[in-house]
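A.B. asks: need coordinates for the following:
(2 chains)
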Amino acid sequence: MSDHTQDAATIDLLFRLADDELMMGHRNAEWTGVGPVLEEDIAFSSMAQDELGHAFAYYTVLHEHLGQDNPDTLAFRREAADFRNARLTALPRSDWAAAVMRQFLYDAAEQVRLEHYSSHPFAPLAQLARKFRGEEKYHLMHGKSWVMRLGSATEDSRARLQAALEALWPHALGLFEPGQGGEDAGASEAALCAGWLAQVCPLLVSSSLQVPAERTAKGQWQSRVAAVYGRYAEPAPERVALLDAMQKVYRLDPNADW
Amino acid sequence: MDSDTQWVTWEVLHQEKRGDPHVHVGSVHAPNAEMALILAKEQFARRQKCVNLWVVPTVAIVSMPYDDADIFEAGTDKSYREAWGYKVRERVRAARELDRLDPKEDDAGE
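C.D. replies: Below is the predicted model of the structure:
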């Protein structure tokens, strides 16, 4: 592969990573002040800040190593069609069960990804992957704990969690949409998806949930439902709505000194 | 609020570095020990350096009543039990002075 093609694949990958984190951070920050209990409100908000921090770090790598605009410009001045987030990360906030489920499905994917990327041939990415591992490990501990708790608390909490799982599942699979910049040198999306299924399915099952997946004869998990892809498609309405809200103030005066 | 609408509380003890004592820093509401640790992490280790946390059910803490605070008062002068009761500083200064006058006595320095 020529350096040029390699760069295109890396740029595409970093935009996917950064935009997912930015959207997740923004959506989770919408729970600030309305979390189910004070301690959780603080914890969830703090994790939202972690995601924004990761987005900023990825944008910084894009800017410093790959010739892209500065992080503020990438976050606040790009058009919806140029974002590369999976649909899962921008879906509007609904109930707490859905917030917990989205966070869990997303963080499990993050953990599998970062594990692979910690030895990625693109050194700045490998470095970030190693740096973020601790935070993502905590996020996943938090998510697992909530899923197990809501899965076994009351019939209402279990039903809400089940509904959230079914609604979010195809979008979560969409996190592993193959990149259009060419196959990544670090890990294939299919391999990451298999690792993710192996991680989330047993925990969901042990939380009394019906998983939209089954075990094959070889012992691997396989989804029974097709993925919803949306990274490169016509921008989905939730992405447009999120960006409208997030970029609004910045766009009033792009040259303002904050 | 009624006790059955709130999770129970857990006391949180924070350790800044390995070997340091765990210091009580506050409490969190949580339904179980695992969640108490998870929530304590963001409440009490978000800004400070931390290597370890303990959580203890608040109900497990046995406390002495403040009414009995008089048992801590000394009946007579017990200053001999306190470190400042000794004139340590002056003795250290005197020892250093000796060192300085005769460095051969102690080649290891301070």
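A.B. asks: please count neighbours and contacts with C-alpha atoms only from this point.
C.D. replies: Will do.
A.B. asks: and for the nearest residue to residue A:58 once chain neighbours are set aside, the neighbour number?
C.D. replies: Leaving aside its chain neighbours, residue A:58 sits nearest to residue A:18 (5.4 Å; criterion: CA to CA, 6 or more residues apart in numbering or on different chains). Residue A:18: 28 surrounding residues under other CA atoms under 10 Å in any protein chain shown.
A.B. asks: can you pull out the helices in the chain?
C.D. replies: Using chain A. Listed in chain order, the helices of chain A (DSSP state H) span A:3-29, A:38-66, A:71-76, A:87-90, A:96-117, A:123-152, A:155-173, A:189-206, A:237-252.
A.B. asks: that was the other one, I meant chain B.
C.D. replies: B:33-44, B:88-101.
A.B. asks: now for those, which one comes closest to chain A?
C.D. replies: When the helices of chain B are compared by CA to the nearest CA, helix B:33-44 sits nearest chain A, at 5.1 Å.
A.B. asks: circling back to that earlier point, which of the helices of chain A has the lowest average pLDDT?
C.D. replies: Ranked by mean pLDDT, the helices of chain A bottom out at helix A:3-29, with a mean of 92.
A.B. asks: kindly reformat the helices of chain A as JSON lines containing distance to residue B:66.
C.D. replies: JSON lines is the format used below for these (distance: least, CA to CA, whole Å):
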{"stretch": "helix A:3-29", "distance to residue B:66": "43"}
{"stretch": "helix A:38-66", "distance to residue B:66": "30"}
{"stretch": "helix A:71-76", "distance to residue B:66": "56"}
{"stretch": "helix A:87-90", "distance to residue B:66": "53"}
{"stretch": "helix A:96-117", "distance to residue B:66": "42"}
{"stretch": "helix A:123-152", "distance to residue B:66": "38"}
{"stretch": "helix A:155-173", "distance to residue B:66": "43"}
{"stretch": "helix A:189-206", "distance to residue B:66": "48"}
{"stretch": "helix A:237-252", "distance to residue B:66": "53"}
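A.B. asks: ranking these by burial, who's on top?
C.D. replies: Among the helices of chain A, ranked by average contacts under mean count of other CA atoms under 10 Å in any protein chain shown, first place goes to helix A:87-90 (a mean of 26).
A.B. asks: any residues touching that one, and which ones?
C.D. replies: A:20-21, A:23-24, A:27, A:102, A:106, A:168, A:171-172, A:174-175, A:228-231, A:236, A:238-239, A:242 (CA atoms under 8 Å, 6 or more residues apart in numbering or on different chains).
A.B. asks: give me that answer again for 6 Å
C.D. replies: With contact meaning CA atoms under 6 Å, 6 or more residues apart in numbering or on different chains, helix A:87-90 is reached by A:20, A:23-24, A:171-172, A:230, A:238-239.
A.B. asks: contact residues of chain B facing chain A?
C.D. replies: Contact residues (CA under 6 Å from any CA of the partner chain) of chain B with chain A: residue B:42.
A.B. asks: how about a cut-off of 7 Å?
C.D. replies: Contacts of chain B with chain A, taken as CA under 7 Å from any CA of the partner chain, map to B:28, B:35, B:38-39, B:42-43.
A.B. asks: and those, which of them are buried?
C.D. replies: Buried by 16 or more other CA atoms under 10 Å in any protein chain shown: B:28, B:35, B:38-39, B:42-43, out of the residues of chain B next to chain A.
A.B. asks: any chance of the residues you listed in TSV, plus pLDDT?
C.D. replies: Listed next are those as TSV, based on pLDDT from 0 to 100:
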residue	pLDDT
B:28	97
B:35	96
B:38	97
B:39	97
B:42	95
B:43	96
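A.B. asks: residue in chain A nearest to chain B?
C.D. replies: For chain A, CA to the nearest CA, closest residue to chain B: residue A:43, 5.1 Å.
A.B. asks: quick check: closest non-adjacent residue to that residue.
C.D. replies: residue B:42 (5.1 Å).
A.B. asks: any idea how far the residue of chain A closest to chain B is from residue A:201?
C.D. replies: 25 Å (CA to CA, to the nearest Å).
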